[in-house]
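In: Okay, predicted coordinates and the sequence, questions at the end:
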Amino acid sequence: MRGPVSFSLLLTALVGIQPAAADVVPRNQPAAGSVIARKSGEEVRFLEFASWQVVDLRQDVVPGDYLRTNATGSLAVLFADRTQMRLGRNTTLLVKKIGAASDTEFKLESGTIWARAERGGEGLTIDTPAAAAAIRGTDWTMTVDGNGRTSLIVLEGTVELANEFGSVSVAEGEAAAATIGSAPTKVVIVDSDDREQMLFYYSLRDAFTVLPASALSSLDMRKARARIKAMEQSSRSAEDWVTLAEVNLDFEGREAARDAARQARQFPLTREQGARLDLIDALIAGAEQRYAEAAHLFERAAPRLDPSRRVMARYGGYYARSLADPSHIEAPPVNADAGVAAAIAEALTAGFLVDLKAAIAVLERAERRYPGDPTLPALRAQIAFLLDDREQVEAAIDRALSLDPDNMIALQARAGYRAGIKGDLEGALADLERAVELAPGSASWNALGLVQSARGATREAEAALKRAIELDPKDPVPHANLAIIYLEQDRTAEAKAEIDTALAVDPAFDIGLVARGRYYLQTGELDKARDDLLAGTTANPAYSNGLLLLAVAYYEAGELEPAEQAIENADRLDPNDPVISSFRTAVAIDEYEADKAIASAQEALKRTRARGGDYAALSANRDTGSTLNDAFRLLNLNAWGRYYGDAVFDPFTGSGYVDQALAGSLNPFVNNLRFGDVPTEPGPNATSFSSFFQGLMLDPQMLAGRQRSANILRRPFIETTVGGGFVADDGDLGWNSEIETQGYQAAPFPWSFYGRINGLETDTRRGDDPATGQFDLDDRSITGTGYMAMKPTPNDRVVAYIDVKDFEFDLSTVLDPTVLPLGGTYADSGDTRTGNAGVAWSHTFGYQNVASAALFATDITDRSNRTRLEEIGFGETGFILESETSQQSYLAAFNHIYGTGDLTLRYGGEGGLLEVSKDETLSFVFPFIPDTIISESTTAVDVAIGRVYFDAVYEFNPNLKVEGALFGTYLDGGTIDEQRLEPRLGVAWTPFEGHYLRAGFLREGSFITSATLAPVGILGLQSNQNSLAVDGFSDTFAARWDAEWNSRLFTAVDYQHQEFEKLSIGVPASATTIDLSEGRLDRISATANVWIGNGFGAFATFAYADSENEDPTSPGFGGPLPFVPETSARFGLTWVHPSNIKVTLAETYVGSRTGDAAGTELESYWSTDAFLTWEPFDKRFELEIAAYNLFDEDFQVASFTPGWGRSIVGSLKVRF
């Protein structure tokens, strides 16, 4: 057999055939609706005419028109009020009125209809001889039989069925009936199958590729092909060439069949052999939509063929004539038990004339007659798949493969079952690769492309679908599937070309209409998108992904009620699809519906894992894990979100690197002079930028996103945000400002940009008493960041960035008059200018095979002035130290990621140059004389930098994996001569569902630059932050236990033991550092996250640290490390409301710690902080207020260095 029923991207049911076009009759009034799809013999009686005539696709109908179908007909109509309707066989419908400001009205005189009315619009009334149904926003079917009895089944929503004798309200899952002269009654509570009610039938579009040209079984065809292929061409007879032509049509494709037929015609042929070649030509002509020619060839061949092939010719002629003439009606051929091929043809015809269940019944009868044929159960499995009859699919596949393990149709069916039901992508891939090996010209290439796409092998998927198109350019299915893959890659122009080709072949092709709707969504043409998606889901109302995209179209247009209806319909039709729940999560996050966001994200994960196979492990759910991360972070349940981000990390997925950057690591040193840091919460660290940048290199378009709505699908946009606000630090006012612009464009290739400029100025006095520390602090900064990310080819990504910052500060100490009664000047000032830039390229060679290269540069200039002057009565005397440090670094990096089976390798290298120079001048100041330079010094050093690494992750099973890495570091320049090996080793184990245990060891050197392509951390564990000298390093043993006890409670226990070599700790309110040759830090923390519900989430963390200064030359030797609190804690509550409001109240405790190199102890303190975010007016505005130390508690961040008092930061942003 030459291939299965063609499957769409999600293997949904196919709609009816599209006969040759009749004429579309223009109308003189606005259209009430339009014909979307038809089958055969459908007619319309226009308001203006008395006679019936054939109805064509895209024919407009107006009030007063009648539509009817015959015994084989079916119509799909989309009305102007967005009512979707399908008419079954022998149905007559009058279009009475389409409401704009009033109800829509129809009259069903006979037959069966399925319909879906949009929520939020006007009502809809269906009149029948026995009753009238009042409908608003629901799915239902209605039948009027020959006696006028009306029956109703409600699939979703509520329908009122009434007549003059009474009424009943029929809810979802209920049925009712009414007869003429009697009140309506509920007749039964039904568990209805939506697909059965939607009036599906089998399309004849593929009949010519399913019907065999050969009378041989599939096994005998393979044997004949092998035998003939093994012969020299000169030795082949006419019969050999004719047989090869027949077999090639199934195994090699049409061109190979034509070639063999040409060879055969060079021989004298018998009458039957000539007819067999005519049959081949007829099947090819039908497949290429040359229906009239096909009909002639079938008719010419039939009398000269053997009985088995003659039946094929009779059926083929019947199909060709039906497709060639929309008004043609004839009885199908009579199948006189003429073999397996005849049974297949009879089944296809039953599926067309009746429904899919009738086709299955024919195949089951044939299987009893021919129990040894594997093709019959294989084809039955594929048709059962369209009905979502999973038990029958599995049983039929097993039966077929038990008869012939290499039956091509059975392999295709099992591949679809494995991929779509069992989640076994690798098994499906193996089946399809075997199928194309057996039959390189078969339709398996289309299915192979879909499976490769599901695996993430987009390059291989594109190649497979192009091969399918090459073999059958007239088949719209691979064109539509390739278009969808192009759209997923933002290749909109190429996608449109494929969509146009698919719809030129079949204007009512549901997948093509849905693909075009998605195209319009991604180009920002929302009205066109909605219209096409409505048309596509009218042609195929069970296509859940089409309904999902329709929901997106409504949501993007701000029509939330019909969007919810569409998503509910999609969910009802495919309650196992995780994409539906992910969509709900994204919308809920955007709408500030925290409870719905978390519940939907958890449901998405549950559904994905329920698919089993490759999706069963938590680590396999990359997209869902990131979605859960976002959902939990909305309620500040960050540890819970981090758990999912860590567990699902995939080095080939960009979003995983963003999760890694968000996770960051904790800074145990409480030495920040400015408010905002949380000593118990992980934050961005030295490698966070690298993680984010590596993610951009895999998915550059995630750089920019619309902030006023959820980014379900990318579409071109440019958005600018302008904001400004105030900074009130203990009563002193400052200001902040911001301008941000970002955008995405699809032409000439996908590219995104992001730019942001921030300004800040504060002026505050810290401390109340000079005796315990008092100073004036003035900060001024301006920061600019810009990114450009593009995808010039489908397999190449380019990312460039620049980041500049100018930070100035003036710090003047208020002197204690008891120590310096005459006063003086103790002041520090500084100006740090930083510039970072980089450009990177990444290329995908194939599935899990990615190489990257980058160039990074950094330029830092730091100028400082330290003035220490004392008043002596006639002026000031003392010292001024001026210094300027300049540092430039240049780094080239290369990285390769390669996956094979359960092993993932990451290796690469980077090398460059670090240039450091420092000028320092010490001057003596005395009244009446010029400043005297006491000393001047200039140092400069160039350090060569080199690093190579090799990292391997192996997954023994879904619950256990290990990672090992070895880094080699080389530093040479000045006094630095360092060659060091830095090993890493980690293990991750899931002993029970929801519990994730990890342990690892990391040796890490100083991060000379902020950018690297090397792996970060080990199995998601990142070492606590520290500051090291250029040639320093740290050893970290880390262990973490994440536990999701239920859907409401999560806990995490984290422990790290760190040993430092050449530690350099910054001192608040000073340009100096505390440099230690060695140090140790042990820290353990326990965190709890609770999803309370009703928009509330609670979080709490307690930490204990034990540290030691191990530098024997330090005055604090043997004591704790400076600025590391022995205990710390934080707990709080977050509330999120759909009014776009988020409020957080948190309490932070910082325990006692040393505040200088000598070990002076600082007292513990509490800080109460509050945060508010409000985005009113459809997120046009954003108001943010953050309050720190609300109760104005006094504390010190270092010896004689007061911390912040009550501080409030507010900003208002406007988006354009």
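Out: That came through, no problem.

In: CA only for contacts and neighbour counts going forward, please
Out: Will do.

In: which residues of this structure score low on pLDDT?
Out: For the chain, applying pLDDT under 70 flags the ranges 1-22, 100-101, 187-205, 326, 336-337, 612-625.

In: domains of it?
Out: Annotated domains of the chain cover 1-9+355-459, 33-197, 203-334, 475-572, 649-1215 [automatic domain parsing].

In: Could you export stretch 315-329 as CSV, CA atoms only?
Out: The C-alpha coordinates for stretch 315-329 follow below in CSV (Å, rounded to 0.1, in the frame of the first residue of the first chain):
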residue,chain,number,x,y,z
TYR,A,315,-13.7,2.5,-7.8
GLY,A,316,-11.1,4.8,-9.2
GLY,A,317,-13.3,5.9,-12.0
TYR,A,318,-16.1,6.5,-9.6
TYR,A,319,-13.9,8.7,-7.4
ALA,A,320,-12.5,10.6,-10.5
ARG,A,321,-16.0,11.3,-11.9
SER,A,322,-17.2,12.5,-8.5
LEU,A,323,-14.3,14.8,-8.1
ALA,A,324,-14.4,16.2,-11.6
ASP,A,325,-18.1,17.2,-11.6
PRO,A,326,-19.7,18.7,-8.4
SER,A,327,-23.2,17.9,-9.7
HIS,A,328,-22.4,14.3,-10.7
ILE,A,329,-24.1,11.6,-8.7
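
In: buried sites along that stretch?
Out: Neighbour counts over stretch 315-329 (16 or more other C-alpha atoms under 10 Å) mark 315-327 as buried.

In: Return the distance of it from the chain's centre.
Out: Relative to its parent chain, stretch 315-329 has a centroid offset of 44 Å by C-alpha atoms, centre = their mean, to the nearest Å.

In: likewise stretch 526-537?
Out: On the basis of C-alpha atoms, centre = their mean, stretch 526-537 sits 22 Å off its chain's mean C-alpha point.

In: again, but for stretch 576-595
Out: 12 Å.

In: Also stretch 534-544?
Out: On the basis of C-alpha atoms, centre = their mean, stretch 534-544 sits 23 Å off its chain's mean C-alpha point.

In: Next, the distance between the ends of that stretch.
Out: 12 Å (C-alpha to C-alpha, to the nearest Å).

In: likewise stretch 49-65?
Out: Distance across stretch 49-65, first residue to last, is 9 Å (C-alpha to C-alpha).

In: and what of stretch 814-828?
Out: Start-to-end, stretch 814-828 (C-alpha to C-alpha) is 12 Å.

In: Same check on stretch 296-308?
Out: One end of stretch 296-308 to the other measures 19 Å (C-alpha to C-alpha).

In: Could I get the buried residue list for that stretch?
Out: For stretch 296-308, a neighbour-count test (16+ other C-alpha under 10 Å) marks 297-302, 304-305, 307-308 as buried.

In: where's it relative to the chain centroid, distance-wise?
Out: With C-alpha atoms, centre = their mean, you get 52 Å for stretch 296-308.

In: Tell me which residues are up against it.
Out: The contact list for stretch 296-308, computed with C-alpha atoms under 8 Å, 6 or more residues apart in numbering, reads 215, 271-272, 275-276, 278-279, 281-282, 309-311, 313-314, 316-317, 338-339, 341-342.

In: what's the burial count for Gly786?
Out: Counted with other C-alpha atoms under 10 Å, residues neighbouring Gly786 total 18.

In: Just checking: what are the partner strands of the helix or strand containing it?
Out: Per DSSP states H and E: Gly786 is located in strand 773-793. The pairing partners recorded for strand 773-793 under DSSP bridges are strand 751-769 (antiparallel), strand 796-813 (antiparallel).

In: Select, out of those strands, the one closest to Ala261.
Out: Nearest to Ala261, of all those, is strand 796-813, at 43.9 Å by C-alpha to C-alpha.

In: just checking, next helix/strand downstream of that closest one?
Out: As assigned by DSSP H and E, the chain's next helix or strand after strand 796-813 is strand 824-846.

In: helices and strands around that next one, which ones?
Out: When contacts are defined as 3 or more C-alpha pairs under 8 Å, 6 or more residues apart in numbering; DSSP states H and E, strand 824-846 packs onto helix 688-698, strand 796-813, strand 849-871.

In: since we're on the closest residue to Ser626 other than its chain neighbours, how many residues are nearby?
Out: Excluding its sequence neighbours, the residue lying closest to Ser626 (C-alpha to C-alpha, 6 or more residues apart in numbering) is Gly645, at 5.7 Å. Gly645 has 31 neighbours, counted by other C-alpha under 10 Å.

In: ok, now which ones touch Gly645?
Out: 625-626, 629, 656, 659-660, 663.

In: mind redoing it with 7 Å?
Out: 625-626, 629, 656, 659-660 (C-alpha atoms under 7 Å, 6 or more residues apart in numbering).

In: what does Ala631 give?
Out: By C-alpha under 7 Å, 6+ apart, Ala631 lies in contact with 589, 594, 597-598, 601.

In: mind running it again at 6 Å?
Out: 597-598 (C-alpha atoms under 6 Å, 6 or more residues apart in numbering).

In: doesn't it fall inside a helix?
Out: Yes. Ala631: assigned to a helix according to DSSP: H, G, I helix; E, B strand; the rest coil.

In: how about JSON lines for the helices and strands packed on strand 824-846, with mean neighbour count and distance to Arg780 added?
Out: Below are the helices and strands packed on strand 824-846 laid out as JSON lines (neighbours: other C-alpha atoms under 10 Å; distance: least, C-alpha to C-alpha, whole Å):
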{"stretch": "helix 688-698", "mean neighbour count": "25", "distance to Arg780": "24"}
{"stretch": "strand 796-813", "mean neighbour count": "20", "distance to Arg780": "5"}
{"stretch": "strand 849-871", "mean neighbour count": "20", "distance to Arg780": "14"}
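
In: Any chance of a markdown table for the ones you listed, columns distance to Asn758?
Out: Below are those laid out as a markdown table (distance: least, C-alpha to C-alpha, whole Å):
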| stretch | distance to Asn758 |
| --- | --- |
| helix 688-698 | 18 |
| strand 796-813 | 9 |
| strand 849-871 | 19 |
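
In: nearest to Ala837, of the ones you listed?
Out: strand 796-813 (4.3 Å).

In: Show me the contact partners of that closest one.
Out: Residues contacting strand 796-813 (C-alpha under 6 Å, 6+ apart): 775-791, 826-843.

In: Please compute how far that strand lies from its chain's middle.
Out: For strand 796-813, the distance to the chain centre is 32 Å (C-alpha atoms, centre = their mean).

In: and Leu432, which of the three is it?
Out: Here Leu432 is helix, with the state taken from three-state DSSP.

In: ok, now how distant is it from Leu465?
Out: Separation of Leu432 from Leu465 (C-alpha to C-alpha) stands at 13 Å.

In: Stretch 895-912: end-to-end distance?
Out: Counting by C-alpha to C-alpha, the length from the leading to the trailing residue of stretch 895-912 is 15 Å.

In: Quick check: beta-bridge partners of the closest residue to Pro1122 other than its chain neighbours?
Out: Leaving aside its sequence neighbours, Pro1122 sits nearest to Thr1154 (C-alpha to C-alpha, 6+ apart; 4.9 Å). Per DSSP bridges, the residues bridged to Thr1154 are Glu1161.

In: between the helix or strand containing Tyr657 and helix 688-698, how big is the angle?
Out: Here Tyr657 sits within helix 654-663, counting by DSSP H and E. Here helix 654-663 runs at an angle of 170 degrees relative to helix 688-698 (axes from the mean of the first three to the mean of the last three C-alpha atoms, to 10 degrees).

In: Pull helix 654-663 out as PDB, backbone CA atoms only.
Out: Extracted C-alpha coordinates of helix 654-663, given in PDB (Å, rounded to 0.1, in the frame of the first residue of the first chain):
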ATOM      1  CA  GLY A 654      16.900  28.900  25.300                       C
ATOM      2  CA  SER A 655      14.300  29.300  28.000                       C
ATOM      3  CA  GLY A 656      16.300  26.900  30.300                       C
ATOM      4  CA  TYR A 657      19.200  29.400  30.300                       C
ATOM      5  CA  VAL A 658      16.800  32.200  31.300                       C
ATOM      6  CA  ASP A 659      15.600  30.100  34.200                       C
ATOM      7  CA  GLN A 660      19.300  29.500  35.100                       C
ATOM      8  CA  ALA A 661      19.900  33.300  35.100                       C
ATOM      9  CA  LEU A 662      16.800  33.900  37.200                       C
ATOM     10  CA  ALA A 663      17.900  31.300  39.700                       C
END
